[in-house]
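Novice: sequence and predicted model, in that order:
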Amino acid sequence: MGLSARFKDLVRRMAVNLFGIFELLGLPRIPEKREGEGGEKR
Amino acid sequence: MSDLAQQVSLGRTGIKVSRLGIGSAYGVSERACRMAFDEGVNYFFWGSVRTPGMGQAIREIARSQRDELVVVLECYVRQAAWIPRSVEVGLRNLKIEQADVLLLGWYDRPPSPKILSVVERLKEQGRFRCLGISTHQRPLFQKYLHDGNYDVFHVRYNAAHRGAEQEVFPALPENGGPGIVSFTNTRWGDLLDPKKMPSGMSPPTAPDCYRFVLSHPAVHVAVCGPKNDDEMAAGLTALKAGPMGEEELARMRLIGDHVHGIKSAMSFLT
């Protein structure tokens, strides 16, 4: 594997791991809605 | 009603899905998701980048119409021992008991036997109904097809990246194959950029890009990534317009070939 391919692979792995960490942390947190509250404001 | 407005079976899963799906990554609002759901869109892809609007929409819709919603939970965690936690956190966040599809995301190398065994246990426990997988290495889909572990494939396919027409779609069985879902339908927006068009040509719209993808008979669902309500509303027009004719397809291919020759920031990673 060439240097460029290795670098690409490293960046890809880092991206995948970062997304995995977000999943485990449950990010983003979804705010609770109060009863009867409508959709979000624009 | 055009062909694209009707729900279809997601391959061998038998799950009825809309031809357009919604991805969570670009910040679609709860209202836009609700509007799309009311128009018959039911494929909700809770993917790698998750923004709260779609999460809110899934929670709200699932409270009364869970059966009509198809929730795809993507999992990027690569350590087998942590996968159950990732799935539990995802389900808890969405306030649902079970995902319709658990998507093993971005597997450019096949998942290890350990990962597959953990995933199988989660399925037995009822945490998801069907297993899906995505990769940017299209030839790998033939191996995934042969393995027989996966009910759904998320495939990169658009007018510029048409490799799936040679490397994936011909290998699919006529009946009983996996559900095929396309992503990156606009090639990360490049197909919509006037500066990236061949001389004298105007860019396609996002609905044109979805219609192009959905005109291929192998594709069941095109996942769109709207940023706002207007983009969601525009995306929905693809369903009403229906599949493309030969002339429109030829124009898209011409533009796609041109765009394919232009480097994209994201192509570095894929």
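Specialist: Looks like it arrived, so ask away. Residues are numbered from 1 along each chain as shown, chains lettered A, B, ... in the order given.

Novice: quick one: pLDDT of residue 31?
Specialist: Using chain A. For A:Pro31, the pLDDT comes out at 79.

Novice: the chain in question should be chain B.
Specialist: Per-residue confidence (pLDDT) for B:Arg31: 96.

Novice: please, which helix or strand holds it?
Specialist: B:Arg31 is part of helix B:30-38 when elements are defined by DSSP states H and E.

Novice: can you pull the residues of chain A lying near chain B?
Specialist: A:8, A:11-12, A:15-17, A:19-20, A:22-31, A:33, A:39-40, A:42 (C-beta under 8 Å from any C-beta of the partner chain). Glycine gets a C-beta too; all of them are placed from N, C-alpha and C.

Novice: quick revisit: just the buried residues of the helix holding B:Arg31, please?
Specialist: Across helix B:30-38, burial judged by 16 or more other C-beta atoms under 10 Å in any protein chain shown covers B:Glu30, B:Arg31, B:Ala32, B:Cys33, B:Arg34, B:Met35, B:Ala36, B:Phe37.

Novice: what of stretch A:5-18?
Specialist: Under the neighbour-count criterion of 16+ other C-beta under 10 Å, stretch A:5-18 has A:Arg12, A:Val16 buried.

Novice: one step back: export the buried residues of helix B:30-38 to JSON lines and append columns for distance to chain A.
Specialist: Output for these, formatted as JSON lines (distance: C-beta to the nearest C-beta, whole Å):
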{"residue": "B:Glu30", "distance to chain A": "5"}
{"residue": "B:Arg31", "distance to chain A": "4"}
{"residue": "B:Ala32", "distance to chain A": "9"}
{"residue": "B:Cys33", "distance to chain A": "10"}
{"residue": "B:Arg34", "distance to chain A": "7"}
{"residue": "B:Met35", "distance to chain A": "10"}
{"residue": "B:Ala36", "distance to chain A": "13"}
{"residue": "B:Phe37", "distance to chain A": "13"}
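
Novice: follow-up on the earlier one: partners of the very next helix or strand once past the helix holding B:Arg31, with directions?
Specialist: Counting by DSSP H and E, the element after helix B:30-38 in chain order, helix or strand, is strand B:43-46. Partners of strand B:43-46 in the sheet, by DSSP bridges, are strand B:20-23 (parallel), strand B:70-75 (parallel).

Novice: could I get the ones you listed as TSV with mean pLDDT?
Specialist: Compiled in TSV, those are given as follows (pLDDT from 0 to 100):
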stretch	mean pLDDT
strand B:20-23	98
strand B:70-75	98
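
Novice: reformat the ones you listed into a markdown table and put mean neighbour count next to each item.
Specialist: Formatted as a markdown table, those follow (neighbours: other C-beta atoms under 10 Å in any protein chain shown):
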| stretch | mean neighbour count |
| --- | --- |
| strand B:20-23 | 26 |
| strand B:70-75 | 25 |
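
Novice: can you add distance to B:Glu97 and give those strands back as TSV?
Specialist: Listed next are those as TSV, based on distance: least, C-beta to C-beta, whole Å:
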stretch	distance to B:Glu97
strand B:20-23	21
strand B:70-75	11
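
Novice: so who does B:Glu39 touch?
Specialist: B:Leu236, B:Leu239 (C-beta atoms under 8 Å, 6 or more residues apart in numbering or on different chains).
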